[in-house]
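[1] Only the shape, not the letters, is given here:
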């Protein structure tokens with residue numbers, strides 16, 4: 001695995017670090033390969049239950065595709081340009097990962113960086129972070145993942161405002177409209193919060209985590225009726241799976257909610 005992505009496993013968590021700070025953690029071929037390999041490790045390691053993704057350097061989670069690699073000049077015909085964009089296989093790997101992924105965002109989260117974050121399940125960010133899809137200005141178009149994913153994460157009008165103006169959202173605005181689930185003062189508190197959320201997940205039954213993620217992700221693209229039918233099937237599958245998950249025990253500090 002390239003040093004463009006550093007992967008470490010500790011305490012049932014997989015830490016996936018984007019490690020190109022000199023390029024604002026822009027995604028080049030080595031990083032895409034590293035991200036695919038990281039998800040393969042996440043899915044294949046039974047001791048790991050959740051992943052945390054972070055971009056080093058203090059300036060960017062990821063500024064998107066490496067424009068030096070794909071070329072900066074706008075193309076006259078966008079479909080032909082998009083055909084030259086390197087594979088989105090890392091996005092697909094994140095999209096279909098079987099275990100929860102937390103994006104810990106510090107700094108710029110733009111273009112493919114925002115797309116990567118949107119393929120994570122939970123997004124938390126520092127107050128200084130910025131979120132955007134600047135492709136209409138930088139390369140003269142927009143890639144498919146951004147066009148499809150952002151309207152699923154925030155209201156349609158907000159997604160169109162981001163795409164059509166190429167202007168970034170502040171972290172506070174991103175939090176207000178649900179793009180970000182938690183805000184943190186700085187990188188230190190950000191990583192602590194990511195660990196705390198991951199630890200809460202680890203206390204849950206691992207089979208339940210996988211089933212919940214799968215059903216919610218799949219159901220989001222279905223009608224309400226289809227999603228309800230899927231949930232019924234999932235409940236039956238969960239009952240069978242959980243019955244055989246003898247290694248898990250309810251946390252001792254767990255208490256039944258009042259009422």
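    Ah, there it is. The shown structure was predicted, so the numbers you read here are calculated from the model rather than taken from an experiment.

[2] okay, now the residue nearest to residue 177 when sequence neighbours are not counted: neighbour count?
    Nearest residue to residue 177, sequence neighbours excluded (CB to CB, 6 or more residues apart in numbering): residue 154, at 4.8 Å. Every residue, glycine included, has its C-beta placed from N, CA and C. A count of nearby residues for residue 154, using other CB atoms under 10 Å, gives 22.

[3] what's residue 154 sitting at in phi/psi?
    Backbone torsions for residue 154, taken as degrees, to the nearest 10, come to phi -140, psi 170.

[4] residues contacting it?
    For residue 154, the contacting residues are 177-179, by CB atoms under 8 Å, 6 or more residues apart in numbering.

[5] and if you look at residue 192?
    residue 184.

[6] Next one: it from residue 182, what distance?
    According to CB to CB, to the nearest Å, residue 192 and residue 182 sit 11 Å apart.

[7] Repeat that for residue 151.
    Using CB to CB, one obtains 22 Å as the distance from residue 151 to residue 182.

[8] same deal with residue 208?
    22 Å.

[9] Equivalent analysis for residue 57, please.
    Counting by CB to CB - residue 57 and residue 182 are separated by 21 Å.

[10] Output the contacts of residue 154 in a markdown table; the columns should cover secondary structure.
    Converted to a markdown table, the contacts of residue 154 look like this (DSSP: H, G, I helix; E, B strand; the rest coil):
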| residue | secondary structure |
| --- | --- |
| 177 | coil |
| 178 | coil |
| 179 | coil |
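
[11] thinking residue 40 is in contact with residue 96, fair?
    No. Applying CB atoms under 8 Å, one finds residue 40 not in contact with residue 96, separated by 11.1 Å.

[12] can you give me the strands in the stretch 1-150 of the chain?
    5-10, 13-18, 50-55, 60-62, 101-105, 108-110, 122-126, 130-132 (DSSP state E, counting those that start in this stretch).

[13] Confirm for me that residue 131 is in contact with residue 176.
    No. Assessed by CB under 8 Å, residue 131 is found out of contact with residue 176, at 11.9 Å.

[14] Between these two, tell me which one has more neighbours.
    Neighbours were counted for residue 131 and for residue 176 using other CB under 10 Å; residue 131 has more, 26 against 13.

[15] Which of residue 208 and residue 182 has more residues huddled nearby?
    Per other CB under 10 Å, whichever of residue 208 and residue 182 has more neighbours is residue 182, with 17 against 14.

[16] nearest residue to the more buried one other than its sequence neighbours?
    Using CB to CB, 6+ apart, the closest residue to residue 182 is residue 124 (4.1 Å).

[17] contacting residues around that neighbour?
    So residue 124 contacts 102-105, 180-184, 190, 193-194, 197 (CB under 8 Å, 6+ apart).

[18] So in terms of bridging, what pairs with it?
    Counting by DSSP bridges, residue 124 forms beta bridges with residue 104, residue 182.

[19] what's the answer for residue 13, then?
    Bridge pairing for residue 13 - DSSP bridges - gives residue 10, residue 50.
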